[in-house]
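> have a look; sequence and predicted model below, questions after that.
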Amino acid sequence: METASDIRTEAITLNMGPQHPSTHGVLRVVLELDGEVVTKATPVLGYLHRGIEKLAEHKTYHQSITLTDRLDYTSPFINNLAYVLTVEKLLGLEVPLRAQYIRVMLSELTRIQSHLVWLGTHALDIGAMSPLLYCFREREETLDMFEMVGGARMNQSYFRIGGLAADLPEGFEEKVKAFCEVLPARIDGYERLLTENKIWLNRTKGVGVISAEEGIALGLSGPCLRGCGVKWDLRKANPYSSYDHFDFEIPTGRHGDSYDRYLVRLEEMRQSNRIVKQALERLPAGPFNAASPKVVPPPKELVQESIESLIIHFHLMTEGFNVPRGEAYCSVESSKGELGFYIVSDGSSRPYRVKIRTPSFVNMESFATMAQGRLMADIVAIIGSIDICLGEVDR
Amino acid sequence: MANLEELVGKIKATFPQSIEETVVCKDEHTIRVRLSCLLEVARFLKEDPECGFDFLSDLCGVDYMGRAPRFEVVYHLYSLKHRHRLRMKTSPADEDLTVPSVVSVWKTADWHERECYDLFGITFSDHPDLRRILTPDGFKEYPLRKDFPLRGR
């Protein structure tokens, strides 16, 4: 008879992705397995590399805004913000307070939306179907709001250099207000489905653990790093776009596992909701664009009436504007972590170099550490809990 | 910002030979480090308590075609404790395009350096696993170089 010691075993290499529903895009992971235990996980990237940094060198500063939407397509406004802040820094442009508040409000709605997509898909990945349906119900409402301001459900390019594409449309504020009223109860609802659910706890607690030191060394940021207990959020640490005017808390976890990252993101949605409410209540009146005719196109009504405005509009849309020679790095707290733009200007109307520091790319670097020694089935939970967007990883 | 100015002064005083230049642009401080001293300065920036640059936000290449040296490698450093930033730059020699890897100082540099190698062809000596990361295996070009065309040939 054959005994256990007679059975020949060998390590196998398993390919996961790039076409796999749980990798959230076209991520490929090469897994080395000893039975069901992962001894080494190697991500293979680049399947969605579109050369956005190269393209940006060939477009005017205004045109590149549309490229930024397509990085992390679940948080378009935050991507816009990081980019326009960097260009505004190079130009030395002051943005009116109303525009800053609207930017904050929409960034936070984006964060909520991004976390909703994350929660729904992450739960679905590890076997919970219903949260997806609830999360996408709320997400639909946010997309309706985004459509109101930007004319599209995704890739709105609503933030412009110097301000916004247009002022808030009629009925928008009421819609946001109504959403803010119901959201906290809806988040409680998700929690009822998951937070104490035994299967959820088994699948996420102690899974994908990373220590704070290791996370910092690996450049981890956003909810993933806060899940390890590091209280670092750029909105508080280095405030931009008037974030210092708002009252909110930075939630942190303790264990650095998938479960703590889940708790952090849920609380972040509540905090974002608070910020949106405050921004709405205190929304100042006034212009929504900087008074800088060299950068900001004239209002549409004027373009249709005066020839001078038409010429300026035409010039800005075709030639663009020159940005003084220099370089700047600006980063914002995106829904996934530190999103930074490093732009070098040679004084022309097109950037000389645009480097995008995307949180998904850098956070993915921690994946190998989190996956080491875990079961094959945990890999799906870990990828989900990092919350990557391949558009942002590959650029 | 005054604090950071003093700090840059201190860094310069500690490494008078290694810091080639300090620049302030848009309230952002930049130090240019001699290539041969890069690792030594990087270690100091991370370990010195006043600097405390424990977080490497970003590392990237820039191609200044027509200038000598042609390439620049730019490091964006951040301190989680002091919440300040510093930009560090160095330039590899045009003949060998090699920069010492900082993976031993900031582990996150691993993928950043691979990306820089992939898109600019800059080699990082002592890198644990210097392979292309975004473009396919077997790709021969360096697409972010200025002489690489935007459209296919």
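Great, that's in hand. Numbers count the residues shown, from 1 in each chain, chains lettered A, B, ... in the order given.

> need the residues of the stretch 1-150 of chain A near chain B, please.
A:45-46, A:49, A:51, A:53-55, A:58, A:89-90, A:92 (CB under 8 Å from any CB of the partner chain). Quick note: C-beta positions are derived from backbone N, CA and C, even for glycine.

> go with 10 Å
By the criterion of CB under 10 Å from any CB of the partner chain, the positions of the stretch 1-150 of chain A lying close to chain B are A:42-49, A:51, A:53-55, A:57-58, A:86, A:89-92.

> buried ones from those, can you make that a ChimeraX selection?
Of the residues of the stretch 1-150 of chain A next to chain B, the buried ones go into a single ChimeraX selection, burial set by 16 or more other CB atoms under 10 Å in any protein chain shown:
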select /A:43,44,45,46,47,48,49,51,53,54,57,86,89,90,91
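
> burial of B:Gly61, as a residue count?
Residue neighbour count, defined by other CB atoms under 10 Å in any protein chain shown, stands at 26 for B:Gly61.

> looking at it, it is touching B:Arg114, isn't it?
No - between B:Gly61 and B:Arg114 there is no contact under CB atoms under 10 Å: 11.7 Å.

> what about the residue nearest to B:Lys26 when sequence neighbours are not counted, which SS state?
Excluding its sequence neighbours, the residue lying closest to B:Lys26 (CB to CB, 6 or more residues apart in numbering or on different chains) is A:Ala328, at 5.0 Å. Following DSSP: H, G, I helix; E, B strand; the rest coil, the label given to A:Ala328 is strand.

> ok, B:Glu72 next?
Assigned with three-state DSSP, B:Glu72 falls in the strand class.

> next, the closest residue to it other than its chain neighbours: secondary structure please.
Distances taken as CB to CB, 6+ apart place B:Val62 nearest to B:Glu72, at 4.6 Å, with adjacent residues excluded. Here B:Val62 is recorded as strand under three-state DSSP.

> so which bits of the stretch 201-350 of chain A are right by chain B?
So the stretch 201-350 of chain A meets chain B at A:212-221, A:225, A:230-232, A:234, A:236-238, A:324-331, A:338, A:340-342, A:344, A:346 (CB under 10 Å from any CB).

> excluding its backbone neighbours, what's nearest the residue of chain B at minimum distance from chain A?
Relative to chain A, the nearest point of chain B is B:Thr108 (3.2 Å; CB to the nearest CB). In this structure, B:Thr108 finds its nearest non-sequential neighbour in A:Gly219, 3.2 Å apart by CB to CB, 6+ apart.

> how much space separates the one you found from A:Arg254?
Relative to A:Arg254, A:Gly219 is positioned 21 Å away (criterion: CB to CB, to the nearest Å).

> neighbour-wise, which of the two wins?
A:Gly219 (29 against 11).

> so where is the stretch 51-200 of chain A shaky, pLDDT-wise?
The model of the stretch 51-200 of chain A has no residue with pLDDT under 70.

> strands of that one, start to end?
A:159-160, A:163-164 (DSSP state E, counting those that start in this stretch).

> identify, out of the ones you listed, the most deeply packed stretch.
Looking across the strands of the stretch 51-200 of chain A with neighbours counted as mean count of other CB atoms under 10 Å in any protein chain shown, the highest average goes to strand A:159-160: a mean of 26.

> mind checking how far that strand is from the chain centre?
Chain-centre distance of strand A:159-160: 17 Å, with CA atoms, centre = their mean, to the nearest Å.

> just checking: what are the partner strands of it?
Its sheet considered, strand A:159-160 pairs with strand A:163-164 (antiparallel) by DSSP bridges.

> what sits up against the partner strand?
Contacts with strand A:163-164, where a contact means CB atoms under 10 Å, 6 or more residues apart in numbering or on different chains, come from A:80, A:84, A:88, A:93, A:95-96, A:98-100, A:102-103, A:106, A:149-150, A:158, A:287-292, A:295-296.

> show me the contacts for the residue of the stretch 151-300 of chain A found nearest chain B.
Closest to chain B within the stretch 151-300 of chain A is A:Gly219: 3.2 Å, counting by CB to the nearest CB. The neighbours of A:Gly219, taking CB under 10 Å, 6+ apart as the test, are A:225, A:337-338, A:357, A:359, A:361-363, A:365-366, B:55-59, B:78, B:106-112.

> can you give me the helices in the stretch 201-350 of chain A?
A:212-217, A:223-226, A:234-237, A:258-281, A:300-305, A:307-318 (DSSP state H, counting those that start in this stretch).

> now the second one: mean pLDDT?
Helix A:223-226 shows a mean pLDDT of 93.

> the fourth one now?
Throughout helix A:258-281, pLDDT has a mean value of 93.

> hang on, isn't B:Ile11 packed against B:Ile19?
Yes - B:Ile11 sits in contact with B:Ile19 when judged by CB under 10 Å, with a separation of 6.5 Å.

> residue 11: how many residues sit nearby?
Because you didn't say which chain, this covers chain A. Residues near A:Ala11, counting by other CB under 10 Å, number 11.

> I was after chain B.
Other residues near B:Ile11 number 23, with proximity taken as other CB under 10 Å.

> swap in A:Glu365?
A:Glu365 has 20 nearby residues by other CB under 10 Å.

> any idea how far it is from chain B?
5 Å (CB to the nearest CB, to the nearest Å).

> that residue: what's it in contact with?
Counted by CB under 10 Å, 6+ apart, A:Glu365 has contacts A:43, A:217-220, A:386, B:107-112.

> count the residues that sit near A:Leu302.
Neighbour count for A:Leu302, taken as other CB under 10 Å: 14.

> quick check: closest non-adjacent residue to it.
A:Ser309 (4.1 Å).

> mind listing what the residue lying closest to A:Val149 once chain neighbours are set aside touches?
With sequence-adjacent residues excluded and distances taken as CB to CB, 6+ apart, A:Val149 is closest to A:Tyr158, at 5.3 Å. A:Tyr158 makes contacts with A:65, A:69, A:76-77, A:80, A:102-103, A:106, A:146, A:149-152, A:164-166, as judged by CB under 10 Å, 6+ apart.

> one more time with 6 Å
Contact analysis of A:Tyr158 by CB atoms under 6 Å, 6 or more residues apart in numbering or on different chains lists A:149-150, A:165.

> which among the residues of the stretch 201-350 of chain A next to chain B count as buried?
Applying 16+ other CB under 10 Å to these, the neighbour count classes A:212, A:214-221, A:225, A:230, A:232, A:234, A:236, A:238, A:326-331, A:338, A:340-342, A:344 as buried.

> quick one: secondary structure of the closest residue to B:Asp147 other than its chain neighbours?
Among residues not flanking B:Asp147 along the chain, B:Met65 sits closest, at 6.3 Å (CB to CB, 6+ apart). Secondary structure for B:Met65, judged by three-state DSSP, is coil.

> count of neighbours near B:Met65?
Residues near B:Met65, counting by other CB under 10 Å: 9.

> with A:Arg235 instead?
Residues lying near A:Arg235 (other CB under 10 Å) number 21.

> quick check, it in contact with A:Glu333.
Yes - under the criterion of CB atoms under 6 Å, A:Arg235 makes contact with A:Glu333 at 4.8 Å.
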